[in-house]
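Colleague: Return a 3D structure for these sequence lines:
(chains A, B, C and D)
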Amino acid sequence: MMTDKPACTASELLAVMSARLLNDGQIVFAGVGIPLLAVTLAQRLHAPSLTIMFEGGVIGPFIEPGKLPPSTNEQRCTRKANMVLPITDVLLLLQRGYIDIGFMGGAQIDRYGNLNSSFIGDPDKPKIRLPGTGGGNDISSLANMIVAMKHEKRRFVAEVDFVTSPGFLTGGTSRIDAGLVTGGMFRVVTDLALIGFDSESRQMSVLALHEGVTREQVLDNTGFDLAFDDTLAVTAPPSSDELAVLRELDPEQLYTA
Amino acid sequence: MMTDKPACTASELLAVMSARLLNDGQIVFAGVGIPLLAVTLAQRLHAPSLTIMFEGGVIGPFIEPGKLPPSTNEQRCTRKANMVLPITDVLLLLQRGYIDIGFMGGAQIDRYGNLNSSFIGDPDKPKIRLPGTGGGNDISSLANMIVAMKHEKRRFVAEVDFVTSPGFLTGGTSRIDAGLVTGGMFRVVTDLALIGFDSESRQMSVLALHEGVTREQVLDNTGFDLAFDDTLAVTAPPSSDELAVLRELDPEQLYTA
Amino acid sequence: MTDPLQVKPYLDLRAETQARDRGLKEKVMSLEEAAALVCDGDHVAIGGSTISRTPMAMIWALIRQGRRKLIASRSIMSHEGDLLLASGVSSHVVTSWFSQGIVWGVSKVMRLHVESGKARFDEWSHMSMGLRYRAGAMGIPFMPTRSMMGSGVGERTRSETHEMTCPFSGDQLVLLPALNPDVAIIHVQRADAYGNAQIDGLQFMDIDIAMAATKVILTTERLIDNAQIRRTPDRTRIPFFTVDAVVEVPFGCAPHECYGTYEPFFDQMDDYAKQVSADPEQGAANYLKEYFYDTATWQDYLEKFGIAAMLDASRRGRSIYDD
Amino acid sequence: MTDPLQVKPYLDLRAETQARDRGLKEKVMSLEEAAALVCDGDHVAIGGSTISRTPMAMIWALIRQGRRKLIASRSIMSHEGDLLLASGVSSHVVTSWFSQGIVWGVSKVMRLHVESGKARFDEWSHMSMGLRYRAGAMGIPFMPTRSMMGSGVGERTRSETHEMTCPFSGDQLVLLPALNPDVAIIHVQRADAYGNAQIDGLQFMDIDIAMAATKVILTTERLIDNAQIRRTPDRTRIPFFTVDAVVEVPFGCAPHECYGTYEPFFDQMDDYAKQVSADPEQGAANYLKEYFYDTATWQDYLEKFGIAAMLDASRRGRSIYDD
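Modeller: This next block holds a predicted model:
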């Protein structure tokens, strides 16, 4: 490893790469963990008028360095917020269409961007009962999505055990046919690559690899045959600036260990 | 007229007689004018824990003497209120079932207690376009009703020109058949009589006459053949106490001229 | 052209919302600039109710600019409704009740315009107005309700509603069509430059019309710093991203009231009532000329009321906070 | 017996509501008296969300009284959900997410009970939970929504919902059945003796569950005079007539947070997580014994946390109001 390239954890890489996808002026509905960290990072770096929404009922907060909330339902989430409102009403903003991007993590994802955070194994007799959807189902049903997650074979599966949060379902027009006429997967950010979705088949397609990552490495860590874009790019590595701000935000590595 | 019987205006009589119908602990959704005055009178006389609701979005106010509001949508309505909330939410309390009594005035009423405050004449080409329903339609659709109004032939009509606020519609089970499965007319208070509704036919039936009023007087001022209860009673005249408190509340006779 | 009172197709609603600039940006402008955001033919929802928190300054600006064919909706209309009809700005109102106020009797201006057929007055129940705005605010095409059945009010609006037997309970329900106004005009006590608004006291239907509308124009008694909003975010009632214009207009509801700031200017309301009762056509025309067309600025308008009336209305207005 | 999660017939809902004493009466009582208002088999909606404004003192009292077969619903469940399962008070939860909190990983207590089939965990989307309570609060049998379609979450709850093609727009909609909980238990910052409650900061779904429920039990950090409520009626969030019991319980959410008053007791939450991760069955049993069964009063319970932790949580809690 070269000394002028700052070393970073996989979580830090996720946060930086996700933050770059966010534009100034956008309204981003963010989950706790990496999403929360990434939107705050974007806000501090290049998107000062980006607005964060939390499902706990928060509009436009500015999270304080070192005081990251352990959920989106605590007072720390409301720090310097423009408005707090009931949970149901903040979620209804998704349905009304005020949100640009929904942004969350994922436990398991398939080629169509369907996310599972409910069951490992048969839902009727699960090997593991996971915590469930929270706002995930609503966010992914009603908004354009960015998902940030670690790139592991057990997480990138051919078919999820259960669709907690809908991506493009079975591809093609199936999402719209099911009644979800808006939103859908926009990007998946992993510690190996930046992934988009084919506009017809709605299957994942790698848009860019992170520096030093090979196609083989990606495929080895994916449980299905993942396509690569014709114009496959390489992302710029996290800058010292990006990492410095990130580490200032999460000095105890609550989310980025 | 005897000197020991306090003289009072027709409006004062309405307010006193209506106030007596209200019980302590009840929640009463009141319109502006006589209803507002009568509930406040009841609160000061015999029902200190009676709760007033105004359609402007007010729960449990205590109106100040001499500061009667000209509508239920002004700050005077919120004087010493327990809660203020959006209009839609206070009206939804009717639908949820928290209200004991809806209480309003009326421009025109028929034998089934249907009220008209929308049109005189053909609704498609009205002789007079009246102001309309306000909260009246919702209150009378969803609550048990007391109506206070002057007893005049042009107001007590065989058939209203238009059903703004539903009473028992065409009588019998017609109200329930129309989908209004709760609420309905409880009492009509006039300056001549106290009127109830037959439990089967749902037609008006006079329960009591005010002191000095004859059956003929009532019939002469009614546009249809009005029944009288078998146990027709005579109401006690307004006491000096009742009138004193009433006049303290409305010293300028804003509602009681 | 689509009917602005019909349920807006969801994809259109979403596309219009996404096309709006929703970033945290300053949007302070003049009354005139803000009024120019309203187009002829728009469905304009008016904040407040009866003679409370009426966005009178914005109505003053719209009348002065000669906007035409507006569909005006409100929970309850008062003398601002008279003026919209009399000025020719609107000939179609959607509301539950329309008169100056119960103490002033039936509005002769409303009667003149509606009885002659010059204007259309769609009457909905008060809760139905609220639920229609709320459905629009929630991004759903309708709201079920148990009201408006059996009555003439329900009958006359039947072509715009649907009836339904509830699949869960078998109950008869009325489905009310969502309203998504083209513009909401709302007056508040405090707002920042981004459009975060705090409303004291009675909220009326203002939050729902703000969330439902495609554009929101705020007038505010006081323009405050965003930092002040952020100290009590649980008092913010309208979020900045719904708002397109913020105009600071002290006494922006006069002669109506603004909760906790001033009560109605009762003498002036009486004068208006006398004037239009005597002659609804000429009375309203004279009133419009004196208060609207001949006043070049909002301050000119307020000078018509005079300092004594302003002090009196303010003293009464602030007294709601006295023990 | 009727299923408390099914849509309640409207006439039953009305009759139950009318039968309640809704007068302006004092209803202050002890935790034990209030807990006795909850019956075995009741559907209990829990206020707050995750580790915020959890009515922990009321849960403490319910567990100590050995209530059984409660159906517990909440927007998001945390370690109070573990304790309801582990104590045997509930074996049926309805929520959108259930774990102690994201930083503590997947709850092993929840897993133990749900994977073994001892407990039922009905998963609804977060907004669907809110809309079900809201429909209950509004007195309508369902709320239409555009979420939960196409997913497993929608599929597994399909027998409880209906699908609909909108008669206005042709849109596909899901109709969510109203929830009217038998009891709502809610912790607030301030309430008066009648039950008027003011909630600072995050409101979660508390207003809707209070309006929807057949009984409401409030615990409050501070019991205040009704006159104080009446000075700022626009800050009242729950009206007295929905409330059946008011209990003053300082630190009534510990070790969870109460907005503006105290943040979570993080060290104690970590300790709990360690204890149940090592052995979900015995760990939870030991925790219940130490904190719930062996503490005769709420003060005894708080003494387990200690003054240093209370001071630290309070200092952090109040800091949200610092500039």
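Colleague: quick one: the helices in the chain?
Modeller: You didn't pick a chain, so chain A it is. Along chain A, counting by DSSP state H, helices occupy A:10-20, A:34-45, A:87-96, A:136-142, A:174-177, A:215-220, A:240-249.
Colleague: not what I meant, chain C
Modeller: C:10-19, C:31-35, C:56-64, C:79-86, C:108-115, C:126-138, C:152-156, C:206-212, C:226-231, C:266-278, C:280-287, C:298-305, C:307-318.
Colleague: The fourth one vs chain B: in contact?
Modeller: Right, the one you point to is helix C:79-86. No: Helix C:79-86 does not reach chain B (C-beta under 8 Å from any C-beta of the partner chain); its nearest approach is 10.4 Å. All C-beta spots, glycine's among them, are computed from the backbone N, C-alpha and C.
Colleague: Show me what that helix is packed up against.
Modeller: The contact analysis (3 or more C-beta pairs under 8 Å, 6 or more residues apart in numbering or on different chains; DSSP states H and E) places helix C:79-86 against helix C:56-64, strand C:70-73, strand C:90-95, helix C:108-115, helix C:266-278, helix C:280-287.
Colleague: Repeat the analysis, applying 7 Å as the threshold.
Modeller: helix C:56-64, strand C:90-95, helix C:108-115, helix C:280-287 (3 or more C-beta pairs under 7 Å, 6 or more residues apart in numbering or on different chains; DSSP states H and E).
Colleague: Identify whichever of the ones you listed lies nearest to chain A.
Modeller: strand C:90-95 (21.1 Å; C-beta to the nearest C-beta).
Colleague: Next, format the helices of chain C as TSV and append mean pLDDT.
Modeller: Listed next are the helices of chain C as TSV, based on pLDDT from 0 to 100:
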stretch	mean pLDDT
helix C:10-19	97
helix C:31-35	98
helix C:56-64	98
helix C:79-86	98
helix C:108-115	98
helix C:126-138	98
helix C:152-156	97
helix C:206-212	98
helix C:226-231	96
helix C:266-278	97
helix C:280-287	98
helix C:298-305	98
helix C:307-318	98
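Colleague: Which one, of those, ends up nearest to A:N114?
Modeller: Nearest to A:N114 among those is helix C:10-19; the distance by C-beta to C-beta comes to 22.0 Å.
Colleague: Now do the buried residues in that closest one.
Modeller: C:Y10, C:L13, C:R14, C:T17 (16 or more other C-beta atoms under 10 Å in any protein chain shown).
Colleague: Could you list the residues in contact with that helix?
Modeller: Under the criterion C-beta atoms under 7 Å, 6 or more residues apart in numbering or on different chains, residues A:R96, A:G97, A:Y98, A:V181, A:T182, C:G139, C:N180, C:T214, D:S169, D:D171 lie in contact with helix C:10-19.
Colleague: Can you add pLDDT, distance to chain B and neighbour count and give the residues you listed back as a markdown table?
Modeller: Listed next are these as a markdown table, based on pLDDT from 0 to 100; distance: C-beta to the nearest C-beta, whole Å; neighbours: other C-beta atoms under 10 Å in any protein chain shown:
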| residue | pLDDT | distance to chain B | neighbour count |
| --- | --- | --- | --- |
| A:R96 | 98 | 16 | 22 |
| A:G97 | 98 | 21 | 21 |
| A:Y98 | 98 | 20 | 25 |
| A:V181 | 98 | 27 | 18 |
| A:T182 | 98 | 26 | 21 |
| C:G139 | 98 | 16 | 25 |
| C:N180 | 98 | 16 | 29 |
| C:T214 | 98 | 20 | 22 |
| D:S169 | 97 | 22 | 20 |
| D:D171 | 97 | 23 | 20 |
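Colleague: re the thing from before, with respect to D:F98, which of the helices and strands packed on helix C:79-86 lies nearest?
Modeller: With C-beta to C-beta as the yardstick, what comes closest out of these is strand C:90-95 (45.3 Å).
Colleague: Need the contact partners of the closest one.
Modeller: C:5, C:70-77, C:81, C:84-85, C:118-122, C:124, C:129.
Colleague: In PyMOL, how would I select the buried members of those residues?
Modeller: Of the contacts of strand C:90-95, the buried ones go into a single PyMOL selection, burial set by 16+ other C-beta under 10 Å:
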select buried, chain C and resi 5+70+71+72+73+74+75+76+77+81+84+85+119+121+122+124+129
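Colleague: out of the helices and strands packed on helix C:79-86, which comes closest to A:S174?
Modeller: strand C:90-95 (40.0 Å).
Colleague: relative to helix C:126-138, how tilted is that closest one?
Modeller: Angle, strand C:90-95 to helix C:126-138, by axes from the mean of the first three to the mean of the last three C-alpha atoms, to 10 degrees: 100 degrees.
Colleague: which residue is nearest the middle of chain A?
Modeller: A:V147 (2.5 Å; C-alpha atoms, centre = their mean).
Colleague: So, low pLDDT: which residues of the stretch 1-150 of chain A?
Modeller: Residue ranges of the stretch 1-150 of chain A with pLDDT under 70: A:1-6.
Colleague: What distance do you get for whichever residue of it sits closest to chain C to A:M53?
Modeller: Nearest residue of the stretch 1-150 of chain A to chain C: A:G25, at 3.0 Å (C-beta to the nearest C-beta). Using C-beta to C-beta, to the nearest Å, A:G25 is found at 14 Å from A:M53.
Colleague: just C:A137 next, same as before
Modeller: 16 Å.
Colleague: likewise A:E216?
Modeller: 39 Å.
Colleague: Please apply the same query to C:T261.
Modeller: 31 Å.
Colleague: go on, A:E74?
Modeller: With C-beta to C-beta as the criterion, A:E74 and A:M53 are 15 Å apart.
Colleague: Looking at these two, which has the bigger crowd around it?
Modeller: A:M53 (31 against 27; other C-beta atoms under 10 Å in any protein chain shown).
Colleague: my read: that one touches A:P61, true?
Modeller: No: here A:M53 lies out of contact with A:P61, judged by C-beta atoms under 7 Å, at a distance of 8.9 Å.
Colleague: Look up the closest residue to A:G136, ignoring the ones flanking it.
Modeller: A:S165 (4.0 Å; C-beta to C-beta, 6 or more residues apart in numbering or on different chains).
Colleague: And the one you found, how far from D:G152?
Modeller: Using C-beta to C-beta, one gets 9 Å for the distance from A:S165 to D:G152.
Colleague: Check A:V84 too.
Modeller: On the measure of C-beta to C-beta, A:V84 and D:G152 end up 31 Å apart.
Colleague: One more: A:P238?
Modeller: Taking C-beta to C-beta, one finds A:P238 at 35 Å from D:G152.
Colleague: Residue 64: what's it in contact with?
Modeller: Reading this off chain A. A:R79.
Colleague: That was the other one, I meant chain C.
Modeller: C:F292, C:Y293.
Colleague: go on, C:V44?
Modeller: C:V44 makes contacts with C:V38, C:L70, C:A72, C:P181, C:D182, C:V183, C:I185, as judged by C-beta under 7 Å, 6+ apart.
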